[in-house]
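*Asks:* Predicted structure and sequence below. I'll ask about it afterward.
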Amino acid sequence: MLELTPANLGYLSPMPNRKDWGIGVVGAGFIVCHCHLVAYANAGFPAIGLTSRTHASAREVAGLRGVRTVFPTLDAMLDSPAIEVIDVAVPPLEQPAVIRQILAKPGNIKGILAQKPLAMNPAEARELVDGCRKAGILLQVNQNMRYDHSVRACKNLLDRKILGDPVLATIEMRAIPHWMSWAQGGRSLSTYIMSIHHLDTLRYWLGNPERVMASTRPDPRTTFPHEDGINLYILEFGDGARASSWDDVWGGPAREGAGQDIFVRWRVEGTLGVAKGTIGWPGWPARVPSTIDFTSIADAGTWYRPRWDEAWFPDAFSGTMAGLLRAIETGTEPDISGEDNLKTIELCEAVLTSAREHRMITLST
């Protein structure tokens, strides 16, 4: 019988030995207030500084979350010897300029946690990765779906070969996101904002694919111009594994009066077993833990259904920061390093190109 419990499924993030790092946060939006700062405090490494373009918002969020110092500018934050790590939490089009500003005046900064997408095109993403390397600053990308608890548990099963060799992995999203104002007018909507989570997760589980085939169409509900609303794509891997995701941000006319059927589900089939799960994110702001069920021929087909109290939002947000802090402690690359994330950016580009040109795209090795 398999000795598998939530405790040994690796679903929780490893923590750094030191927790009192001087974390400064750039940005004071909803996700900072309700996910980043909450998760950091719960993990035992609360932020000590905050700055934002709108000083009043920074003061309000700092007061609510117990951040002791509000800096008037990023330069002022960089001047503080107490700040060792910067969490850049601004919209994607603003993020590269903030990272460049840090690199121009690194001071005591040892690491940067950047949001996904790192940049909205591969060339700019590469520039940021190279700039951090030259400055001796570790760069971690907040691809936080890797720290969703069911996603980590599935990775644990794959690494331990409990599922055997991967055959097919699928993700099905039927959900209605709230598009922020900064999402309008960009070169990509769903691919760089929603699908990037699933593309990165499939890489985390199965490695880098060799080929991508995609089809996209606009979302009927989203009123501003865009090409990639609903995304469908297939990934081919060199070892024979296949993966696909249906990223449906329409989800049917639930907002227009029909019944609602909103969910995110995933499934991984291997030569020795099957794992399937749900992602609790669509239930936000309610706390909805993700789930995993799995079976293996190693235990005569028994289905295991471990459960936990932790949820992707906000708990997983401590995992990406913890990964950066562990890397600083050990002098190693972060687990979701900027260099690694370039492969996810390349996948996003492949989805856009494949859909636009109606052809399969071969990826770099």
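*Replies:* Structure's in. What do you need?
*Asks:* Mind pulling up the pLDDT for Met1?
*Replies:* As predicted, Met1 sits at a pLDDT of 58.
*Asks:* Kindly report the same for Thr5.
*Replies:* Looking at Thr5, the pLDDT reads 65.
*Asks:* residue with max distance from the center of this structure?
*Replies:* Taking Cα atoms, centre = their mean, the residue of the chain most remote from its mean C-alpha position is Ala300, at 35.0 Å.
*Asks:* I'd like to know how far Ser354 sits from Glu329.
*Replies:* Look at Ser354 and Glu329: by Cβ to Cβ, to the nearest Å, they are 40 Å apart. The C-beta positions use only the backbone N, C-alpha and C, and glycine is treated the same way.
*Asks:* and Glu124, how many neighbours?
*Replies:* Glu124 sits with 16 neighbouring residues when counted by other Cβ atoms under 10 Å.
*Asks:* Against Val38, how distant is the residue farthest from the centre of the chain?
*Replies:* Distance, Ala300 to Val38, by Cβ to Cβ: 42 Å.
*Asks:* Tell me how far the residue farthest from the centre of the chain lies from Arg356.
*Replies:* Applying Cβ to Cβ, the value for Ala300 to Arg356 is 49 Å.
*Asks:* Okay, helices next: where are they in the protein?
*Replies:* Counting by DSSP state H, one finds helices in the chain at the ranges 30-31, 37-43, 55-65, 74-79, 95-104, 122-135, 149-159, 190, 196-206, 317-330, 338-357.
*Asks:* Without its sequence neighbours, what residue ends up closest to His36?
*Replies:* Nearest non-adjacent residue to His36, counting by Cβ to Cβ, 6 or more residues apart in numbering: Phe317, 5.5 Å away.
*Asks:* ok, the one you found - how many residues close by?
*Replies:* Count around Phe317 with other Cβ under 10 Å applied: 28.
*Asks:* Next: Asp340.
*Replies:* By other Cβ under 10 Å, 20 other residues sit near Asp340.
*Asks:* next one: Ile230
*Replies:* Burial of Ile230 is recorded as 18 neighbouring residues (other Cβ under 10 Å).
*Asks:* and it, how far is that from Val151?
*Replies:* For Ile230, the distance to Val151 - Cβ to Cβ - is 22 Å.
*Asks:* repeat for Ala58
*Replies:* 32 Å.
*Asks:* With neighbour numbers in mind, choose between those two.
*Replies:* Shown here are Ala58 and Val151; by other Cβ under 10 Å, Val151 has more neighbours (26 against 23).
*Asks:* Quick one, grab the pLDDT at that one.
*Replies:* In this model, Val151 is scored at 98, pLDDT.
*Asks:* Quickly note the distance from Glu172 to Lys343.
*Replies:* Distance from Glu172 to Lys343, counting by Cβ to Cβ: 23 Å.
*Asks:* Just to check, the residue nearest to His36 is in contact with Gln143?
*Replies:* No: using Cβ atoms under 8 Å, Phe317 is not in contact with Gln143; the gap is 11.3 Å.
*Asks:* residue contacts, the spatially closest residue to Ala58 that is not a sequence neighbour?
*Replies:* In space, and not counting its chain neighbours, Ala58 is closest to Ser52: 3.9 Å by Cβ to Cβ, 6+ apart. Contacts for Ser52 (Cβ atoms under 8 Å, 6 or more residues apart in numbering) come out as Val26, Gly27, Ala28, Ala58, Val61.
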